[in-house]
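Q: Got a sequence here, can you model it:
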Amino acid sequence: MRTILSRSLRIFRAYPGLFIAVVLVSALPVGVLGIASALAVEDTSDRAQAAVGALIQLVPLVLIYPISWVAGTVATLAILHRRSPTVSGAFEPVGVRFWPMAGVLLLYTVGVVGGWLAFIAPGVFLLVTWLFASQAAVIEGLGVTGSLSRSAALIRNGWWRCFATFLVLELVTSAVIVAVLLLVGVATDGLTTNAQIVVSGAASILLTALVKPFQIIGIALLYLDRRVRLERAWPPLPAVGGARAG
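A: Just a heads-up that it's a prediction; the model follows:
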């Protein structure tokens, strides 16, 4: 785990602009929709309005954020192949394989949420077991069920290690974001409610772009580590346009 964390930081420090741009592609639309939905909910005590607002934020969060996660994995793989990564190159395989990835995300969300409602533990189990399903769909070109099975195979015999690494990455990035947003909340205490929503939302977008790259690089390295352990070979670059990048 320590190697993955330190290497994630080194890669991010070497290519900050690349990974900030990759995260912004998702963080910007999700953040703007979050601000809009928060402004639209006039009465936060109204459960119906609150539910609609949460749904408006959840759908893009589920369908858009993973685009940057997988693109970050493509960029990380290119860097480790000693290629010059670009933002467009990172997203190209995602565009080619978007719909299989969307199908994976749908089943992933249903399974994890359903498992979470069933006493939490099954949801956590599936969250980790299917952690690499989107990468399998885009980078390995697998179908929906094949991607879920592939992720389970990669996690097998390493579930606890993957869980611990994911948990540390999530806690570190979330702690930084929450801490800074609390300071922003204190600093904007005198503003109107709508102004606070806008400022907090904008700060959240910026913080996500600055902090989340560390997490997505870490998940990418964990995915590549599991592939090497299983296949005993270094993963190739993903296929684009029907050809494998050499």
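Q: residues contacting the most centrally placed residue in the chain?
A: Nearest to the geometric centre of the chain sits residue 69, at 4.1 Å (Cα atoms, centre = their mean). The contact partners of residue 69, taken as Cβ atoms under 8 Å, 6 or more residues apart in numbering, are 134, 216, 219. Using the backbone N, CA and C atoms, a C-beta is placed for each residue, glycine as well.
Q: Let me see the ranges of the helices in the protein.
A: For the chain, helices defined by DSSP state H occupy the ranges 2-14, 16-40, 47-80, 87-96, 98-117, 121-129, 133-139, 144-155, 159-187, 193-231.
Q: weakest of those helices by average pLDDT?
A: Out of the helices of the chain, helix 47-80 stands lowest, with a mean of 76 (criterion: mean pLDDT).
Q: circling back: quick one: which of the contacts of residue 69 has the most company?
A: Of all the contacts of residue 69, residue 216 has the most neighbours under the rule other Cβ atoms under 10 Å, reaching 27 neighbours.
Q: What is the burial count for the nearest residue to it once chain neighbours are set aside?
A: Distance criterion Cβ to Cβ, 6 or more residues apart in numbering; nearest residue to residue 216, sequence neighbours excluded, is residue 72 at 3.7 Å. If you count neighbours by other Cβ under 10 Å, residue 72 ends up with 26.
Q: repeat for residue 136
A: Neighbourhood size, residue 136 [other Cβ under 10 Å]: 29.
Q: contacting residues around the residue nearest to residue 216?
A: So residue 72 contacts 19, 22-23, 90, 213, 216-217, 219-220 (Cβ under 8 Å, 6+ apart).
Q: let's go with 6 Å and repeat that
A: Residues near residue 72 by Cβ atoms under 6 Å, 6 or more residues apart in numbering: 22, 216, 220.
Q: Now do the last one against residue 213, distance only.
A: As judged by Cβ to Cβ, to the nearest Å, residue 220 and residue 213 stand 10 Å apart.
Q: Would you format the helices of the chain as CSV with distance to residue 237 included?
A: Output for the helices of the chain, formatted as CSV (distance: least, Cβ to Cβ, whole Å):
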stretch, distance to residue 237
helix 2-14, 16
helix 16-40, 16
helix 47-80, 6
helix 87-96, 9
helix 98-117, 17
helix 121-129, 26
helix 133-139, 8
helix 144-155, 17
helix 159-187, 23
helix 193-231, 12
